[in-house]
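# attaching a predicted model along with its sequence, questions to come.
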Amino acid sequence: MTIDWWTLGFQTVNVVVLVWLLQRFFWRPVADMIEQRRDATREALADAESTKGEATAALADIEKTRAGFDKERDAILAAARDTAEKSHLARMADTEKEVTALKTIAEAAIEKQHQAAEESWTGHAGGLAVDIANRLAVRLDGQAVRAAFLDWLIKAIAALPELERKAVTALEAISATPLAQTEQERASALIAEAFGGHPSIAFKTDASLIAGLELHGPHLLISNSWRADLARILTDITHEK
């Protein structure tokens, strides 16, 4: 069994406030009223000693007064108990609503913090993974790697629609490192064959590619480099749920 200390605390405060209110506004006035009626009764009894008939009548009045007071007291006590019970139930309901609202707010805040922490760690881990891959890619750059990227580039060109391939007339072939003359000639021949024509090709270098061979044209872009691959990997990592 689990004790809800917050609910117990609120209930304790409610009881203390209720007892104070009864003591301040109910029991003290009632006690004064009782005392006044007792004084009146004693005076009536004292007067009754002088006259037997008056005493008998006074006693009868006292009995009636007592009977009426008992009924009045019972009615007051019943009303007070009913009011106290209703007030207690209302305060418990309000307290439960407040606790539920606070719990909802706290859960939402915890969930938000959890998501923010998860996104932060995901981004950090993704950046670290990409940085490691970047450093490995730089060390692996060489003629064999360039040949592999050229092969992938030819496959990417072959996957283009025929109309798009035939519409290409001028291109820039961008590599991470300068290509030897023989490499440029081989790349030009394979690229021209893949396009099914004779587009003019200008070779340029961009070290930020890390490794690879990309084609840029007026209406064409084939990303075929370590930089593009690492960017896609980072996007997949940071958007993975």
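Arrived safely.

# which residue ranges of the protein form strands?
Secondary structure of the chain, counting by DSSP state E: strands at 170-175, 200-205, 213-217, 220-222.

# will you turn those strands into a markdown table that also has mean pLDDT and mean neighbour count?
C-beta coordinates here come from the backbone N, C-alpha and C atoms, glycine included. Below are the strands of the chain laid out as a markdown table (pLDDT from 0 to 100; neighbours: other CB atoms under 10 Å):
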| stretch | mean pLDDT | mean neighbour count |
| --- | --- | --- |
| strand 170-175 | 94 | 18 |
| strand 200-205 | 94 | 13 |
| strand 213-217 | 94 | 20 |
| strand 220-222 | 93 | 16 |
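
# let's have those strands in CSV, adding distance to Ile233.
Compiled in CSV, the strands of the chain are given as follows (distance: least, CB to CB, whole Å):
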stretch, distance to Ile233
strand 170-175, 21
strand 200-205, 23
strand 213-217, 17
strand 220-222, 18
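
# nearest to Asp74, of those?
Of all these, it is strand 220-222 that lies closest to Asp74, at 93.7 Å by CB to CB.

# packing partners of that closest one?
Applying 3 or more CB pairs under 8 Å, 6 or more residues apart in numbering; DSSP states H and E, we find strand 220-222 packed against helix 143-158, strand 213-217.

# hey, which of these is tucked in deepest?
Neighbour counts (mean count of other CB atoms under 10 Å) averaged over each of those peak at strand 213-217, with a mean of 20.

# now that strand against strand 200-205, angle please.
Between the axes of strand 213-217 and strand 200-205, defined by axes from the mean of the first three to the mean of the last three CA atoms, to 10 degrees, the angle is 130 degrees.

# partners of strand 213-217 in the sheet?
strand 170-175 (antiparallel), strand 220-222 (antiparallel) (DSSP bridges).

# including distance to Arg66, could those go into CSV?
Formatted as CSV, these follow (distance: least, CB to CB, whole Å):
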stretch, distance to Arg66
strand 170-175, 111
strand 220-222, 105
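
# looking at the ones you listed, which is closest to Ala202?
Proximity to Ala202, assessed across those by CB to CB, is greatest for strand 170-175 (5.2 Å).

# Throw the helices and strands packed on strand 220-222 into a markdown table and include distance to Arg73, thanks.
Formatted as a markdown table, the helices and strands packed on strand 220-222 follow (distance: least, CB to CB, whole Å):
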| stretch | distance to Arg73 |
| --- | --- |
| helix 143-158 | 98 |
| strand 213-217 | 98 |
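
# closest to Ala31 out of those?
strand 213-217 (97.9 Å).
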